[in-house]
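A.B. asks: Quick one, what's the 3D model for this:
(chains A and B)
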Amino acid sequence: MTAARVVVGAAVAAVLAYPLAASPYYATHMLMFFGYAIIVLGLNLLFGYTGLLSFGHSLFVALGAYAAAFLTSHFGVRSMELILVVAAVAGAAVAAPVGALCVRYARIYFAMLTLAFAMLFHSFLMKFYHVTGGDEGMRVLRPSLLGWDLAAVPKIQFLTVHYYYYASAVLLIAAVVMWRIVGSPFGLCLRSIRENPEKAASLGVSVARHRWAAFVISAAYAAVGGALLAPTTGQVDPSLAYWTHSGNMVFMTLLGGFSHFFGPALGALVFIHLQDQVMSLIPYWRLVFGAILAAIVIFAPGGLMSFVARSPGSAT
Amino acid sequence: MVADATNILLSGVFHAAILFLVAAGLQVVFGVQRIFNLACGSFYALGAYFGVSCVRWALDAGLPPGLFILPLIAGGLALAVVGPVVERLLRFVYDRDEAFQLLLTFAVVLMLEDVTRLVWGTSPVSTGGLYLIYGNVRLLGAQVPVYNLLVIGASLAIAVLIGFVLTRTRFGRIIRATAENREMSEAVGVDMRRVYTRVFTLGTVLGTLGGALVIPSTAAMSEMGVELIVEAFAVVVIGGLGSMRGAAAGALTVGVLRAIAIATYPELEMLLIYLIVIAVLVFRPRGLFGEAAA
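C.D. replies: You can find the predicted model right below:
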C-alpha cells in the first residue's frame, strides 16, 4: 500500500514538473492525456468493473466537446467550470434514457446498441449542418479558468501553463472521485454483477439499476473528458462521435489494463505518446497499433499493468 | 414520377445487393463461430482495391473491356486466401470473452485499413469509365445501368447458391448443426477446426466479392471499410443476427430506405437507418428473422 502511494505521489509530481522540463509540443500531448484519462476512467467503470463493453462512448465524448463549442461560440459562456458542469449534466441526461435501453442487454448486444446510438449522434452531427457545422465541425473559443480571463495570454503559454495545470487538477479530482466510487459498496455491487449477475441478483443487488447507474456515471466522465479536450485543439468535429473513436478508447483501456484502477489512464498515456512517435516515423500508425492491440488481446489481456503491479487498486 | 420511383428503388436494390453479400459474410461467421466480425468491412475494402488492380492488369494484358467483370470476380474470389490467415489469429481467442473477440477483429480492422493505404496509396482509385460500358436500359421510364442489374442478378444467384449449400449439402448440414449445438456436433465427430476455417473463409469471400462487385460504380477509398461495417451491422441487427434470410431482408430494408431518404430528405440518410436499428434492438432484439437474443 505504501509503495503504491509512493508511486502515485511520484506520478503526480512528475506530471506537475513536466511542462518545466519538456518542450511545449510534448506538454500539449499531456493535455490530450488528461482528457482521455478521465474518459477511460469512466469507460472502465463499465468495462473493468461492471463487465459491460461499450462501443459507443464516443457519443458522450462528442457531446461534451460540442457542449464546450456551443457554450463558448454561441452562448458567450467562457467559464470552464460552468462548461464542465454543463457537459457532465448533458452527458448524464442523455445517458439516462440511452442507458435505460442499453443495460437491458449484456455482452454483444450491449456493445451493438451503444454503437448504434453513437452512430446516430454521428450522423446527426454530420447532417444537421446549420446547427453543428457538419463535417467541418465548430470552433471552441478559449475559456476562462476559475474566473480568470486569459484571452490576452499567448496560445502556447495558455496551453502549457494555465490550461495544463487546470486540466491536471480536473483529472486529479475525477480520479479521486472515481477511486471513492469503486471503493464504495456501490463499486462492490458492480464487481459482483461482473462476476456473476445471477448470483448478484439472488443476493439482492438490483442488476439493471446498478448497471444503469454505472452507465450514467461513465457517460458523465466521458462528457467531462470530451469538454476538457475541446479547448486543446480549439476545434470539434463529428469524427469524435465515430465508432472507431470508441474503439480507440477501449484500446487504451485494454492497453493499460482494465483490471487495475490506474490501468486505463496508463493506457491513455502510452497510446497518445506512442501514436505520436509512430506517426513521426511512418504514416501507418494503424498498422502498428493494430498489431499491438492483437498482441495484447492474445498474449497479455491484463495489459501493461499486468507487468507492473498486481494488488493495490486492483479491480478484481 | 414512376421513372423517379423506379430509379430510387433500383439504386436501393443495387446497394442492397452489395450489402447482402457483406452482411451474409457477417452472419455465417456469427452463426457458427459466435464472433461479430468487425473486419468484414475491411474485407469489402480489400476486395474493392484488389478488384481495381485485377481489372487494370487484365486490360493491360489485352482483355477486351467488355469482359472486365471476369477479372473482377476472380480478384474477389482470390482474396479467399486472407480468410484462413485472419482465422488463425482469431483461433487464439475462441475460448475467451466476447469482448476480446470483438477487440481482436477491431485490431484486424486497424491493420487492414493501413494495408490498403500502404499498397494502393491514399488517393481514391477506380476502374474509370467501365461502369457504363454495358450501357443503360430503360425500365418504366428510368435509365438503369446494365451493370447494376448484373450485380443484382449475381447477388441473387449467390443468395440461392448459399441457400442450396446450407440446406442441400453435407457441408451445409454441418454448418447448421454447429450453429445449433457446437458440443454435440463435435461429439459426433465434426472437426471443428476445419469447419471454422472454412466458414470464416466463406465469410471473407462474401465480403471481398461484395467489394469487388461494387467498385466499378464508385471509387475505392481507405475509409470505405469502416463505413460499410456500420451499414452491414445495421443490416444484421434489423434482419436478426445469424440468419441468412435476415441478411436478405435487412439488406433490402437498409438499401431501399436509404435510397428513398437520400432522394427525399438527404439529412435523414443514415439517421433513419440507425433509428430503425435502435427500434429493432429495443423492441425486437432478435430482429426480423433471428433467433432469441442472448
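A.B. asks: Please work out the average pLDDT along stretch B:8-18.
C.D. replies: Stretch B:8-18 shows an average pLDDT of 92 in the prediction.
A.B. asks: Residues contacting it, please?
C.D. replies: Stretch B:8-18 is contacted by residues B:139, B:142, B:144, B:148, B:151-152, B:154-156, B:210, B:213-214, B:217, B:251-252, B:254-260, B:263 when judged by Cβ atoms under 8 Å, 6 or more residues apart in numbering or on different chains. (Each C-beta comes from the backbone N, C-alpha and C, glycine too.)
A.B. asks: Which PyMOL command selects the buried ones in the residues you listed?
C.D. replies: Listed next is the PyMOL selection for buried residues among these, using 16 or more other Cβ atoms under 10 Å in any protein chain shown:
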select buried, chain B and resi 142+144+148+151+152+154+155+210+213+214+217+251+252+254+255+256+257+258+259+260
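A.B. asks: quick one: contacts for A:F251?
C.D. replies: Shown in contact with A:F251 (Cβ under 8 Å, 6+ apart): A:267, A:271, A:289, A:293, B:103, B:106.
A.B. asks: quick one: pLDDT of it?
C.D. replies: 93.
A.B. asks: cool, and the one 10 residues further on?
C.D. replies: Predicted confidence (pLDDT) at A:F261: the value is 93.
A.B. asks: and it, how many neighbours?
C.D. replies: Using other Cβ atoms under 10 Å in any protein chain shown, A:F261 has 23 other residues around it.
A.B. asks: re earlier: restricted to helices, list the contacts of stretch B:8-18.
C.D. replies: Among those, the ones falling in helices (DSSP state H) are B:148, B:151-152, B:154-156, B:210, B:213-214, B:251-252, B:254-260, B:263.
A.B. asks: Quick check: the farthest pair among the contacts of A:F251?
C.D. replies: Using Cβ to Cβ, the pair of the contacts of A:F251 lying farthest apart is A:G267 and B:F106, separated by 14.8 Å.
A.B. asks: More neighbours: these two, which one.
C.D. replies: Remark: of A:G267 and B:F106, A:G267 carries more neighbours, 29 against 25, as counted by other Cβ under 10 Å.
A.B. asks: measure the more buried one to chain B for me?
C.D. replies: Look at A:G267 and chain B: by Cβ to the nearest Cβ, to the nearest Å, they are 13 Å apart.
A.B. asks: same deal with A:Y66?
C.D. replies: Where chain B is concerned, A:Y66 sits at a distance of 16 Å (Cβ to the nearest Cβ).
A.B. asks: Quick check: phi and psi at A:V103.
C.D. replies: Backbone torsions for A:V103, taken as degrees, to the nearest 10, come to phi -70, psi 0.
A.B. asks: Measure how buried it is and give me the count.
C.D. replies: 23.
A.B. asks: That one reaches A:F215, doesn't it?
C.D. replies: Yes: with contacts counted by Cβ atoms under 8 Å, A:V103 reaches A:F215, the gap being 5.9 Å.
A.B. asks: So for the two, which residues contact both of them?
C.D. replies: Joint contacts of A:V103 and A:F215 (Cβ under 8 Å, 6+ apart) are A:L52.
A.B. asks: Give me the contact list for the helix or strand that contains B:G163.
C.D. replies: Assigned by DSSP states H and E, B:G163 belongs to helix B:146-168. Residues outside helix B:146-168 that contact it (Cβ under 8 Å, 6+ apart): B:10-11, B:13-14, B:17-18, B:20-21, B:24, B:28, B:69, B:73, B:131-137, B:171-172, B:175-176, B:206, B:209, B:213-214, B:216-217, B:244, B:248.
A.B. asks: Pass me the low-pLDDT residue ranges in the chain, would you?
C.D. replies: Reading this off chain A. By pLDDT under 70, the low-scoring segments of chain A are A:1, A:309-316.
A.B. asks: my bad, the chain I had in mind was chain B
C.D. replies: Within chain B, the stretches with pLDDT under 70 are B:290-294.
A.B. asks: can you give me the strands in it?
C.D. replies: Along chain B, counting by DSSP state E, strands occupy B:136-139, B:142-145.
A.B. asks: right, so of these, which gets closest to A:A65?
C.D. replies: The nearest among the strands of chain B, by Cβ to Cβ, is strand B:142-145 at 41.9 Å.
A.B. asks: Show me what the closest one is packed against.
C.D. replies: Contacting strand B:142-145 under the criterion 3 or more Cβ pairs under 8 Å, 6 or more residues apart in numbering or on different chains; DSSP states H and E are the following elements: helix B:2-33, strand B:136-139.
A.B. asks: Turn the strands of chain B into TSV, including distance to A:L281.
C.D. replies: Converted to TSV, the strands of chain B look like this (distance: least, Cβ to Cβ, whole Å):
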stretch	distance to A:L281
strand B:136-139	49
strand B:142-145	45
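A.B. asks: can you tell me the helix or strand for the residue of the stretch 151-300 of chain A found nearest chain B?
C.D. replies: Here the stretch 151-300 of chain A gets closest to chain B at one residue, A:G290, 3.3 Å apart by Cβ to the nearest Cβ. Using DSSP H and E, A:G290 maps to helix A:285-299.
A.B. asks: Before I go, just wanted to say thanks for your time.
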